[in-house]
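In: take a look and give me a structure for this.
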Amino acid sequence: MYEVRDETRRYIDHLLAENQKLQQLVSALQGELESRESVVDQLRHQIDQVESQRRRFTEDFARVERQNNALAHLYVATHRLHTTLDHEEVLGVVQEIVANLLGSEEMVILEFTDPRQPRLTAACGLEAARLEALRREVAEGRGLVADVARSGKRHVGPGSGDSEPTACVPLTAAGEVRGVLAIFRLLAHKPGFQQGDLELLELLASHAGMALYRARAADTPEGAGR
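Out: Alright, predicted model coming up:
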């Protein structure tokens, strides 16, 4: 009887000891699992960071690629501006720059060969009645285009281009305003002008103004005889 009791006690002690070992093993496994989960969380965080950087680099690359393409087109366009004395070709190049690089197919170019009679020498995308109203407005010294011609300062507004130009740029040469480029509605994919567009407008103001001035000078008897 005592032997059975002792045997039972030893068996219970053995079970308790094994249970304690199992508890220690489970605790160790739980700790290892938590450690591995922490490592997994860190790896996921690092993957998210790498993916975010990849997207940013892709966007930066695409933006630089667009800028490089725009610069290449601008170089070709300005080269054409300065290698021709054909007035119509100069006007066409300016319209191409506005359409392809600035994103608008509604524009007018007025030239001030005679301050009292500004000439609307190029237009695109605007109705005849609107062009005539703009011509009268400028001749009478009213409106945004006339203001830009007088001040020689660029205007870029937040407007839609319906009632007045989105951008109005003086075309200068030899220190004088020779004309004005007025840009109206932008294309649907272009919500507004960015910093690069404003810099392009500045370049266009000087390069186009000089090219038009040279083309006009070449049309005179003095210019044609050179």
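In: distance from the chain centre to stretch 8-19, please.
Out: Counting by C-alpha atoms, centre = their mean, to the nearest Å, stretch 8-19 is centred 78 Å from the centre of its parent chain.
In: tell me the mean pLDDT over it?
Out: For stretch 8-19, mean pLDDT is 77.
In: please apply the same query to stretch 122-129.
Out: Across stretch 122-129, the average pLDDT comes to 86.
In: measure that stretch end to end?
Out: This stretch, stretch 122-129, spans 15 Å end to end (C-alpha to C-alpha, to the nearest Å).
In: also stretch 170-183?
Out: Start and end residues of stretch 170-183 are separated by 12 Å (C-alpha to C-alpha).
In: go ahead and name everything in contact with it.
Out: Here stretch 170-183 makes contact (C-beta atoms under 8 Å, 6 or more residues apart in numbering) with 94, 98, 102, 104, 106-112, 121, 134, 138, 144-145, 148-149, 151-154, 161, 165-169, 204-206, 208-210, 212-214, 216. All C-beta spots, glycine's among them, are computed from the backbone N, C-alpha and C.
In: run the last query once more with 7 Å
Out: Stretch 170-183 is contacted from outside by 94, 98, 102, 104, 107-112, 145, 148-149, 152, 154, 165-169, 204-206, 208-210, 212-213, using C-beta atoms under 7 Å, 6 or more residues apart in numbering.
In: got a PyMOL select line for the buried ones in the residues you listed?
Out: Buried subset of these, written as a PyMOL selection, criterion 16 or more other C-beta atoms under 10 Å:
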select buried, resi 94+98+102+104+107+108+109+110+111+112+145+148+149+165+166+167+168+169+204+205+208+209+210+212+213
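In: let's see which of the contacts of stretch 170-183 end up in strands.
Out: Using DSSP state E, the subset of those located in strands is 107-111, 167-169.
In: count the residues that sit near Leu101.
Out: Using other C-beta atoms under 10 Å, Leu101 has 18 neighbouring residues.
In: apart from its chain neighbours, what residue comes closest to it?
Out: Excluding the flanking residues, the one nearest Leu101 by C-beta to C-beta, 6 or more residues apart in numbering is Ala70, at 5.5 Å.
In: the host helix or strand of the one you found packs against which elements?
Out: Assigned by DSSP states H and E, Ala70 belongs to helix 2-82. Under the contact definition 3 or more C-beta pairs under 7 Å, 6 or more residues apart in numbering; DSSP states H and E, helix 2-82 sits against helix 87-97, helix 195-219.
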